[in-house]
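Novice: sequence first, predicted model second:
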Amino acid sequence: MIPLLQLATGADATLSAIHADAALRLRLAAMGFRIGQRIRMVRKGVFAGPLHVRLGTTDVILRRSQARQIVVVR
Amino acid sequence: MPNTGKSTFFNRVTGASARVGNWPGITVDLFASKVLLGADMVEIVDLPGIYDLHGFSDDERIVRHFLEDAAVDLVAVVINASQIDRQLGLALQLRHVGLPTALLLNMADEAKQRGIRIDTGTLALELGAPVALLSAKHGHGQREAMAMLAHALSSVPRVPIGAVRAQLAADDRIDVDTAAALKAAVDIPERMSEQLTDRIDRVLLHPLLGLPLFFLLMLLVFEGVFALGEPLQRALQWVFEGVRTAALNPLFAYAPAMVRGFLLDGVWSGVVTVAAFVPLIILFFLFMAVVEDSGYLSRAAFLTDALMAKLGLDGRSFVMMLMGFGCNVPAAMGTRIMRSRGLRLLTMMIIPVSLCSARLQVFLFLTAAIFAPAQAPLVIFSLYVMSFVAAIVTAIVFKGRFRSDEPFVLELPPYRWPTLRQIVLRAWHEVRHFLRRATKFIVGGVVLIWLLTNLPAGAVPGSTDTLAGMLGRLFQPVLAPLGIDERLTVALIFGFVAKEVVIGAFAVIFGFEGQALASDLAARMDWVQAYSFMLFTLIYTPCLSTVAALRAEARSSGFALISVTWSILLAWAVSFAFYQLARHFGY
């Protein structure tokens, strides 16, 4: 169990928990973040930039601070 | 159909009242419920999701048996609006069998996001069945869908069962009709394959190349807009000049000078100012629409977000700010793409300090006049740097006030070719928006400036005897510490209309033009005064059109006022700091 932030580039994992406020949870849900969903870390932005992840056929970018609140399991 | 949210819709409609029903010949459990639809009590049955009415899976057989044996008044087909091209066929199959059909396009919100536009009216005509868009997950469109179903039930005639059975054989026309209906009513942008998108992203989002490529692309968009826009602007101005010389001048030749001045230099001039923006706005929005609809804007946001996040901004804010270096007006209007009001307002606060092309003209002229050729480029570069600094300071000061309520989680859609129709419509829509909202404000402003620089009657226009000159004298205590005298203040007042006007204003105020003006300025100003003046001009307020655009986009005069007030205060502080420090150190 690690925060999404620490998932290595190119690696796959399964979403296990989201510890976020209502606004972020809603937005993530709308983007396809569901518990049990497979997620891949596609790339990480330079200079502490955002993260590019893939869920199913949807590609999403989000900030590192937000990725810290999402837990995944390998 | 399966996976189209059919059950979500069914559950929303029936609530908890659905029960397993019993029908002759049907051996599986089907949920049914009695619901009030329109004025009637109807029984609504959730049939298994199927892809093809004539297929041979268990589900398909069940549905066929049900339709053959039960006296059905209406079949409501639920399909996924984003995949309408693959799923429409089922509705057509039902129509061809002779069953009264209604089509529910679910997940309409997703379809809209992918740029798929569905003309439900035309589609309904093509199908011969009513169509409704909805998003069962969010509850959007449900009322309209139910109303449509109620209406369909009462208006569509019943079909005898024998006819239905007979018709279940005729499939061939379906394929042809589906294609025709899609072509007539649905506009789907061509999507690139995922592998191609990935390959492109490996370049455009490359850790080293990505950012430089982004700047290069922005530069190209810029160049494109101005290369095409300037000739168009000149052409428009030529037309308006022509109207003035051919029609307006003779018309008002015998009017008193004040009236003529007011109408021609005031009102007409205002109209020309507004019109001059139209080509720029159209072109800018055409390019921005391409950047956005192609999917690149999200990539730009990815590349630039790191710095922007610290300022309470967004990667997209950075793109707008860069656009502002061309012209503040379309950049301010471009903030429309941000859904979060806080983010939009904060971005609009920083756009006016972008060193636009109009300000650049003033700086180039002054720098050439006052500074040595070797120093000139450095001076201009330093002004660009100041522009960024001012933007950062503004963001830091206001980020607490204009908070973004929307978390930064963006989709990176697959790249696609925007359809020409889409982007042209968008550009046209934005221009109309600008004209409707900004015209009165701009014309009013131009007239006001004209009044200030021409009244009282008898004063030499642009001189220090006018109201503007009096304002200049009035503000001397505040502006003298910046090295800006009365006449320069008058020029600044002119500059409120449009920055390019400042050079013309100098000509009027000092009585010289071109090289003679440059020499005169060099003689009366030293470099410290000149640089202080340029710093002030960079930051003090954007041109009238920009203020109008800010006001229109924020839908708040209060916001425009905050922006202008802040700009003036910041400009004063920066110029003051520079001038006093420079003098202090003996320059």
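Specialist: Done, it's in.

Novice: where does B:Leu168 land on pLDDT?
Specialist: B:Leu168 is assigned 53 on the pLDDT scale.

Novice: ditto for the one 4 residues further on
Specialist: At B:Asp172 the predicted local distance difference test score is 44.

Novice: what degree of burial does B:Leu104 show, as a neighbour count?
Specialist: 26 (other CB atoms under 10 Å in any protein chain shown). Backbone N, C-alpha and C define where each C-beta goes, glycine included.

Novice: tell me the secondary structure for the closest residue in space to it that isn't next to it in sequence?
Specialist: Ranked by CB to CB, 6 or more residues apart in numbering or on different chains and with sequence neighbours excluded, the top spatial neighbour of B:Leu104 is B:Val78, at 4.7 Å. The three-state assignment at B:Val78 reads strand, by DSSP: H, G, I helix; E, B strand; the rest coil.

Novice: my guess is B:Val78 contacts B:Thr8. True?
Specialist: No - the pair B:Val78 / B:Thr8 is not scored as a contact, 9.1 Å apart, by CB atoms under 8 Å.

Novice: list the residues that contact both of the two?
Specialist: Residues touching both B:Val78 and B:Thr8 (CB atoms under 8 Å, 6 or more residues apart in numbering or on different chains): B:Asn106.

Novice: can the helix or strand containing B:Ser269 be found next to chain A?
Specialist: Using DSSP states H and E, the element containing B:Ser269 is helix B:269-293. No - Helix B:269-293 stays clear of chain A (CB under 8 Å from any CB of the partner chain), getting no nearer than 15.2 Å.

Novice: whatever helix or strand comes next after that helix - contacts with which helices or strands?
Specialist: Counting by DSSP H and E, the next helix or strand C-terminal to helix B:269-293 is helix B:296-310. Under the contact definition 3 or more CB pairs under 8 Å, 6 or more residues apart in numbering or on different chains; DSSP states H and E, helix B:296-310 sits against strand A:58-62, helix B:194-204, helix B:210-243, helix B:315-324, strand B:409-411.

Novice: nearest to chain A: which residue in the stretch 51-200 of chain B?
Specialist: B:Glu194 (7.2 Å; CB to the nearest CB).

Novice: one more: the stretch 151-300 of chain B?
Specialist: Counting by CB to the nearest CB, the stretch 151-300 of chain B gets nearest chain A through B:Pro207, at 4.9 Å.

Novice: state the pLDDT value of that residue.
Specialist: At B:Pro207, pLDDT is 89.

Novice: on the three-state scheme, the residue lying closest to it once chain neighbours are set aside is what?
Specialist: Using CB to CB, 6+ apart and skipping the chain neighbours, the partner closest in space to B:Pro207 is A:Val46 (4.9 Å). Assigned with three-state DSSP, A:Val46 falls in the coil class.

Novice: and for A:Val46, the neighbour number?
Specialist: Neighbours of A:Val46 (other CB under 10 Å): 13.

Novice: so what's whatever residue of the stretch 201-350 of chain B ends up closest to chain A closest to, chain neighbours aside?
Specialist: The stretch 201-350 of chain B approaches chain A most closely through B:Ala306 (4.1 Å), counting by CB to the nearest CB. Excluding its sequence neighbours, the residue lying closest to B:Ala306 (CB to CB, 6+ apart) is A:Gly49, at 4.1 Å.

Novice: kindly report the same for B:Ala518.
Specialist: B:Ala369 is the one closest to B:Ala518 (CB to CB, 6+ apart), at 3.7 Å.

Novice: how far does the helix or strand containing that neighbour sit from the chain's center?
Specialist: Element membership of B:Ala369, judged by DSSP H and E, is helix B:357-370. Centre-to-centre, helix B:357-370 and its host chain are 30 Å apart (CA atoms, centre = their mean, to the nearest Å).

Novice: what's the mean pLDDT across that helix?
Specialist: On average, helix B:357-370 scores 86.

Novice: now for that helix, which elements pack on it?
Specialist: helix B:376-398, helix B:501-510, helix B:514-524, helix B:527-539.

Novice: also compute the angle for it relative to helix B:210-243, please.
Specialist: If you take axes from the mean of the first three to the mean of the last three CA atoms, to 10 degrees, helix B:357-370 sits at 90 degrees to helix B:210-243.

Novice: please identify the buried residues of the helix or strand of chain A with the lowest mean pLDDT?
Specialist: In chain A, the helix or strand scored least confidently by mean pLDDT, DSSP states H and E is helix A:22-30, which has a mean of 81. For helix A:22-30, burial by neighbour count (16 or more other CB atoms under 10 Å in any protein chain shown) applies to A:Leu24, A:Arg27, A:Leu28.

Novice: so the second one makes contact with B:Val409?
Specialist: Yes - taking contact to mean CB under 8 Å, the distance of 5.0 Å between A:Arg27 and B:Val409 places them in contact.

Novice: make sure B:Leu208 is indeed in a helix.
Specialist: No - with three-state DSSP as the criterion, B:Leu208 is coil rather than part of a helix.

Novice: how far away is it from A:Val46?
Specialist: Using CB to CB, to the nearest Å, one gets 8 Å for the distance from B:Leu208 to A:Val46.

Novice: and the residue of chain A most remote from its centre, what's its pLDDT?
Specialist: Of all residues in chain A, A:Phe47 has its C-alpha farthest from the mean position, at 18.4 Å, by CA atoms, centre = their mean. Per-residue pLDDT puts A:Phe47 at 86.

Novice: which residues touch the nearest residue to it once chain neighbours are set aside?
Specialist: What sits nearest to A:Phe47 in space, not counting adjacent residues and going by CB to CB, 6+ apart, is B:Ala306, at 4.7 Å. For B:Ala306, the contacting residues are A:Gly45, A:Val46, A:Phe47, A:Ala48, A:Gly49, A:Pro50, by CB under 8 Å, 6+ apart.

Novice: do B:Gln476 as well
Specialist: Contacts of B:Gln476 (CB under 8 Å, 6+ apart): B:Asp485, B:Glu486, B:Thr489.

Novice: go through those residues and name the one nearest chain A.
Specialist: B:Thr489 (43.4 Å).

Novice: run a quick neighbour tally on that closest one.
Specialist: Using other CB under 10 Å, B:Thr489 has 24 neighbouring residues.

Novice: what's the angle from the helix or strand where it lies to helix B:514-524?
Specialist: Counting by DSSP H and E, the element that carries B:Thr489 is helix B:486-495. Helix B:486-495 and helix B:514-524 are oriented at 130 degrees to each other (the same axes, to 10 degrees).

Novice: helices or strands up against helix B:486-495?
Specialist: helix B:420-454, helix B:467-474, helix B:476-479, helix B:501-510, helix B:527-539.

Novice: thank you kindly, that will do.
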